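Novice: here is a sequence with its predicted model. Questions after.
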Amino acid sequence: CEALLDENQHQQTKNMKQEIQELMNRLEVLCKQTKGTYMYLKHEQGKLMSRLKSPEMCSPTWFLTLSSCDFAWPELWIALKPSLTYEEAQRVSEKERKELLKQNPVMAARLFKMRITSVFNTPSEKMVGMGMHLASL
């Protein structure tokens, strides 16, 4: 009788494991389609790595990473709060910076866009010497 009970429990445990695995598989499929989830990001990363490793993809000639460090721009804080002097803008607290950005997101985005546009519209002398312009890339 105990052997029958043990086998029955073993079968139930096995069935539960299968049900859990099926549920996890369905959840994985759903999460891969939901932007912002860990599974979505891992899936997209896998797709990107596949493309990069594909034989059709040639090696990039150069790679550019930009970091604006906009939290350190005194000009941004002056634009958002015109009463500040340049020296005061350099000493604005992190709390006040966050509050200014929260109150003025459009102005901050416009200033950011102007700065980035000016970077791409101002080619370096070395690139000009090679006949290249950042704006055309």
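Specialist: That came in fine, so what should we check first?

Novice: how about residue 104, nearest residue that isn't a chain neighbour?
Specialist: Spatial nearest neighbour of residue 104, chain neighbours left out: residue 80 (4.8 Å); criterion: C-beta to C-beta, 6 or more residues apart in numbering. All C-beta spots, glycine's among them, are computed from the backbone N, C-alpha and C.

Novice: I figured the one you found hits residue 102, correct?
Specialist: No. Residue 80 is beyond contact range of residue 102, at 10.4 Å (criterion: C-beta atoms under 8 Å).

Novice: so between these two, which is more surrounded?
Specialist: Between residue 80 and residue 102, residue 80 has the larger neighbour count (other C-beta atoms under 10 Å), namely 20 against 9.

Novice: show the pLDDT at that one.
Specialist: Residue 80 carries a pLDDT value of 92.

Novice: all helices for this protein, in order.
Specialist: Along the chain, counting by DSSP state H, helices occupy 2-32, 38-53, 74-80, 86-90, 94-103, 105-121, 125-129.

Novice: give me whichever of the ones you listed is most buried.
Specialist: Of all these, helix 74-80 carries the top mean neighbour count, a mean of 19, counting by mean count of other C-beta atoms under 10 Å.

Novice: other SSEs contacting that one?
Specialist: The contact analysis (3 or more C-beta pairs under 8 Å, 6 or more residues apart in numbering; DSSP states H and E) places helix 74-80 against helix 86-90, helix 94-103, helix 105-121.

Novice: what comes into contact with it?
Specialist: Residues outside helix 74-80 that contact it (C-beta atoms under 8 Å, 6 or more residues apart in numbering): 70, 84-86, 89-90, 92, 97, 100-101, 103-104, 107-108, 111-112.

Novice: and stretch 16-23, by the same measure?
Specialist: So stretch 16-23 is in contact with no residue, going by C-beta under 8 Å, 6+ apart.
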